[in-house]
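In: Kindly generate the corresponding structure for this input.
(one chain, ligands or ions: 1)
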Amino acid sequence: MQKKISEIKEQLQNRLNQVNTLNELNDLRVEFLGKKGLITELSSMMKDIPFEEKKTFGSLLNAIKDETNDLINHKKETLEMDELQKKLETESIDVTLPGTKLTVGGIHPLIRVIDEIEEVFVSMGYDVVEGPEIETDLYNFEKLNLPKGHPARDAQDSFYITDEMLLRSQTSPVQARTMDANIEKGPIRVICPGKVYRRDDDDATHSHQFTQIEGLVVDKDISLADLKGTLEILAKKLFGEEREIRFRPSFFPFTEPSIEVDVSCFKCGGVGCPICKETGWIEILGSGMVHPNVLKGCGYDPEKYTGFAFGIGPDRVAMLKYGIQDVRSFYTNDLRFLEDFNRVEGGE
Ligand code: DAH
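Out: Model prediction:
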């Protein structure tokens, strides 16, 4: 019997050494301690043992059972530790590895300028309105005092879709739309940013698509002085507090008088440099007092109401402000340009 027990012990030890996984260990437990296991079989021999030896046999049996259990449990712990160790090794994070670079978008330079201009006017109580990019001839030209055949139409060579529909060549039609839509024919203070289209050959200073911001104020007793004061605020906000503006006479069919506005050069302060072409002044926008025909055509009585209007090009402003050489860069979406720009500007 002793021999049998020693054999089982030896067998157990050998088998334990071969076990590498928890599953294998479980099989081994069944093999030795299960219902038909080697040690269980030993217990069944109890009935054939002479009475005087039963006690010794019993304690031997218990001892080997306990020992087997201990050995198996110990092995289990070792295997579990190994497994944990392996897991920790394979799942460990190498903090010295370079991280994944997150690319963050930036605000497009044109949108930046449009936002800045909107902010100036919203702070003065203006509403920001929009109009359609596919416009009728009526609003794009006729209501703006540009009847069919008017020579000034040629200056805005347009993309016609039908005889009466075109891609708007300016944001000025939104003036007429806003006045028409104002049922009470009361005061108006709006700006309208948006895209416009002209049949220009693209080059460094021309793009067939560009942006404009239209401004319109209609009220009783609006004068040129109001226009000048307003545009002075805009010029200072965009190009610096020391800026001055000057008016030059011009012609637009929808304003009378019409005025072109220059701002004193932000680079040289007015003494002359390449940016201002040695004149000390930079042209920034067109404007004027709303033509009586336009007011009348949109249901306003020009005897009671006057107004001023202006149109500014964010493309030109952005080029001046940020030293951008080619207007096409705004529209080709070359990431190198946009990233470069955002790096220089450093975002908001
Ligand atoms: N729409 C004009 C253009 O595209 C710009 C302009 C000039 C708008 C004078 C105005 C204005 O509202 O009063 O050339």
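
In: Whatever residue of the stretch 201-348 of the chain ends up closest to the ligand: how many residues sit nearby?
Out: Proximity to the ligand, evaluated over the stretch 201-348 of the chain using C-beta to the nearest ligand atom, is greatest for residue 311 at 2.5 Å. Yep, even glycine has a C-beta here, placed from its N, CA and C like the rest. By the measure other C-beta atoms under 10 Å, the count of residues near residue 311 is 22.

In: now swap in residue 214 and tell me
Out: Neighbours of residue 214 using other C-beta under 10 Å come to 23.

In: what are the bridge partners for it, then?
Out: Beta-bridge partners recorded for residue 214 (DSSP bridges): residue 192, residue 311.

In: got the contact list for it?
Out: The contact partners of residue 214, by C-beta atoms under 8 Å, 6 or more residues apart in numbering, come to 170, 171, 172, 174, 175, 191, 192, 193, 194, 309, 310, 311.

In: And residue 22, by the same measure?
Out: With contacts defined as C-beta under 8 Å, 6+ apart, residue 22 is in contact with 76, 79, 80, 83.

In: What's the per-residue pLDDT of it here?
Out: At residue 22, the model reports a pLDDT of 88.

In: again, but for residue 323
Out: Model confidence at residue 323, expressed as pLDDT, equals 89.

In: any idea how far residue 274 is from it?
Out: Between residue 323 and residue 274 the computed distance is 11 Å (C-beta to C-beta, to the nearest Å).

In: Distance-wise, check residue 99 relative to the ligand.
Out: Look at residue 99 and the ligand: by C-beta to the nearest ligand atom, to the nearest Å, they are 49 Å apart.

In: how about that residue, secondary structure?
Out: Reduced to three states with DSSP: H, G, I helix; E, B strand; the rest coil, the structure at residue 99 is coil.

In: where does this structure have low pLDDT?
Out: Under the criterion pLDDT under 70, the flagged ranges of the chain are 343-348.

In: What residue in it is the furthest from its centre?
Out: Relative to the C-alpha centroid of the chain, counting by C-alpha atoms, centre = their mean, residue 52 is the outermost residue, at 91.6 Å.

In: longest helix in this protein, by residue count?
Out: In the chain, taking DSSP state H as the definition, the longest helix is helix 51-90.

In: List the residues that contact residue 158.
Out: Neighbouring residues of residue 158 by C-beta under 8 Å, 6+ apart: 140, 166, 167, 169, 197, 198, 199.

In: who in the protein is up against the ligand?
Out: Proximity of the chain to the ligand is confined to 170, 172, 214, 252, 255, 286, 287, 288, 309, 310, 311 under the rule C-beta under 6 Å from any ligand atom.

In: Please flag which of those residues sit within strands.
Out: Within the residues of the chain next to the ligand, membership in strands is found for 214, 255, 286, 287, 288, 309, 310, 311, as judged by DSSP state E.

In: could you dump the residues you listed to a markdown table with distance to residue 327?
Out: Output for those, formatted as a markdown table (distance: C-beta to C-beta, whole Å):
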| residue | distance to residue 327 |
| --- | --- |
| 214 | 19 |
| 255 | 25 |
| 286 | 18 |
| 287 | 22 |
| 288 | 25 |
| 309 | 24 |
| 310 | 21 |
| 311 | 17 |
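
In: excluding its backbone neighbours, what's nearest the residue of the stretch 1-150 of the chain found nearest the ligand?
Out: For the stretch 1-150 of the chain, the residue positioned closest to the ligand under C-beta to the nearest ligand atom is residue 144, at a distance of 8.1 Å. What sits nearest to residue 144 in space, not counting adjacent residues and going by C-beta to C-beta, 6 or more residues apart in numbering, is residue 254, at 4.1 Å.

In: since we're on that neighbour, how many residues are nearby?
Out: Taking other C-beta under 10 Å as the criterion, the count of residues near residue 254 is 24.

In: Residue 214 versus that one, what's the distance?
Out: According to C-beta to C-beta, residue 254 stands 11 Å off from residue 214.

In: Report the closest residue of the stretch 51-200 of the chain relative to the ligand.
Out: Checked against the ligand (C-beta to the nearest ligand atom), the nearest residue in the stretch 51-200 of the chain is residue 170, 3.6 Å away.

In: Was I right to think residue 256 contacts residue 294?
Out: No. With contact defined as C-beta atoms under 8 Å, residue 256 does not count as touching residue 294 (9.2 Å).

In: ok, these two, which is more surrounded?
Out: The neighbour comparison of residue 256 against residue 294 (other C-beta under 10 Å) goes to residue 294, with 26 against 15.

In: Spatially nearest residue to that one, not counting backbone neighbours?
Out: Of all residues not flanking residue 294 in the chain, residue 254 sits nearest, at 5.1 Å (C-beta to C-beta, 6+ apart).

In: and what of residue 72?
Out: By the measure of C-beta to C-beta, 6+ apart, the closest residue to residue 72 outside its immediate chain neighbours is residue 29, 5.3 Å from it.

In: How is the one you found assigned, secondary-structure-wise?
Out: In terms of secondary structure, residue 29 is helix; the call rests on three-state DSSP.

In: hmm, back to that, by neighbours, which of the residues of the chain next to the ligand wins?
Out: For those, the largest neighbour count, defined by other C-beta under 10 Å, is 31 neighbours, found at residue 172.

In: residue ranges for the helices of the stretch 101-250 of the chain, please.
Out: When secondary structure is read from DSSP state H, counting those that start in this stretch, the stretch 101-250 of the chain shows helices at 109-123, 137-140, 173-181, 224-239.
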